[in-house]
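A.B. asks: need a 3D model of the sequence below.
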Amino acid sequence: MTTNLMTDILASISMVLFDLIAIALTLGLYFAFFSRRLPVSLGPLAFGCLYIIAGLALLRTGLDVSLIPAGLEITSHLAALVHNRASGTALLHLMIFAGLSGFAVALIEPALTTMARRAETVSGGAIPELPFRLVAASGVGTGLALGVLRIHFGVAFDIFFAALVAVIMLLSWGAPKLIRPIAYDSGAVATSVVVVPLITAIGIGIASALPDRSPLADGFGMVTGALLLPVCTVLLFARIQTWRAAHPRQGGVDDRV
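C.D. replies: Got it, this is the predicted structure:
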């Protein structure tokens, strides 16, 4: 077990080093020929690079040896129950599992955490970090739950995608101008390095366990739903907050107090 784990870690390190070549060359050439000075001293720069390599390698290894196999196994088991029992209860359990998994994993998504913190700082606290993360993560979970329904009932991905885009267009109409760009970015940052592998495992697990479903044609596409739904939830939350601000409670007490 230890030997296999070390092999996985070394393989992850080699892949991370290969993936970082492009950005290392870009930054190195820029500082060598244009800036002609390092942004920080050599010591912190070297240690920072080591931290990045170690962090990405360990993250990839952890996803490969634990999170992805666990998500694939549980999803395949639940999807098989849905097929064998032909029960709405089993389907509901599968939707709940997918939704809660997406919500929980999105909450620890580093990209979403960073964006939420930046948004709070830039907005002067008008966009609090935690509520923003909760709303975006709930969109990821909702997108996965709807993706389960799409695969189960065999809904064409084109129809599913067009419906989500139409909802985003409707919610964008009249939404606060300052929140729209943040809402559009929220889907991309909420489905990043941690969330996407889990989503892919769930989609492939469901499609593999259900008859007449292709893991390639039906298993993929879950990421798009998880990407677009946070846009919907953030826009919807912004509209609700705008409405509450415009309609304070009776008795002169403002909701914002």
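A.B. asks: give me the three-state assignment for Pro215.
C.D. replies: coil (DSSP: H, G, I helix; E, B strand; the rest coil).
A.B. asks: that one contacts Ile202, doesn't it?
C.D. replies: No. With contacts counted by C-beta atoms under 8 Å, Pro215 stays clear of Ile202, the gap being 11.7 Å. Where you see a C-beta, it was placed from the backbone N, CA and C, and this is true even at glycine.
A.B. asks: if you count surrounding residues, which of the two has more?
C.D. replies: Set side by side, Pro215 and Ile202 show more neighbours around Ile202, with 30 against 15, by other C-beta atoms under 10 Å.
A.B. asks: and the more buried one, what element?
C.D. replies: Assigned by DSSP states H and E, Ile202 belongs to helix 195-209.
A.B. asks: compute the number of surrounding residues for Trp243.
C.D. replies: Trp243 is surrounded by 10 other residues when neighbours are defined as other C-beta under 10 Å.
A.B. asks: element containing it?
C.D. replies: Short version, using DSSP H and E: Trp243 is in helix 222-246.
A.B. asks: what angle do that helix and helix 195-209 make?
C.D. replies: Relative orientation of helix 222-246 and helix 195-209, computed by axes from the mean of the first three to the mean of the last three C-alpha atoms, to 10 degrees: 120 degrees.
A.B. asks: mind giving me the packing neighbours of the helix holding Ile202?
C.D. replies: helix 68-85, helix 88-107, helix 129-153, helix 222-246 (3 or more C-beta pairs under 8 Å, 6 or more residues apart in numbering; DSSP states H and E).
A.B. asks: buried sites along the helix holding Trp243?
C.D. replies: Neighbour-count burial for helix 222-246, counted by 16 or more other C-beta atoms under 10 Å, picks out 222-239, 241.
A.B. asks: for the stretch 1-150 of the chain, give me the ranges with low pLDDT.
C.D. replies: Scanning the stretch 1-150 of the chain with the threshold set as pLDDT under 70 gives 1-3, 38, 40, 82-88.
A.B. asks: my guess is Ser138 contacts Val234. True?
C.D. replies: No. Using C-beta under 8 Å, Ser138 is not in contact with Val234, being 9.6 Å away.
A.B. asks: which residue packs closest to Phe120, ignoring adjacent ones?
C.D. replies: Quick fix: residue 120 reads Glu, not Phe. In space, and not counting its chain neighbours, Glu120 is closest to Glu129: 4.5 Å by C-beta to C-beta, 6 or more residues apart in numbering.
A.B. asks: assess the claim that the one you found and Ser123 are in contact.
C.D. replies: No. Judged on C-beta under 8 Å, Glu129 makes no contact with Ser123 at a distance of 10.2 Å.
A.B. asks: more crowded one of the two?
C.D. replies: A count of neighbours by other C-beta under 10 Å puts Glu129 above the other of Glu129 and Ser123, at 17 against 14.
A.B. asks: in contact with the more buried one, which residues?
C.D. replies: Applying C-beta atoms under 8 Å, 6 or more residues apart in numbering to Glu129 gives the contacts 113, 116-117, 119-120.
A.B. asks: likewise Ala98?
C.D. replies: Counting by C-beta under 8 Å, 6+ apart, Ala98 has contacts 75, 141, 144-145, 147-148, 202.
A.B. asks: distance check, the most centrally placed residue in the chain against Met222.
C.D. replies: Residue closest to the mean C-alpha point of the chain, counted by C-alpha atoms, centre = their mean, is Thr191 at 2.1 Å. Separation of Thr191 from Met222 (C-beta to C-beta, to the nearest Å): 10 Å.
A.B. asks: any shared contact partners between the two?
C.D. replies: When contacts are counted by C-beta under 8 Å, 6+ apart, the set common to Thr191 and Met222 consists of Ile199.
A.B. asks: so the residue nearest to the centre of the chain sits against Val223, correct?
C.D. replies: Yes. Between Thr191 and Val223 there is a contact under C-beta under 8 Å: 5.8 Å.
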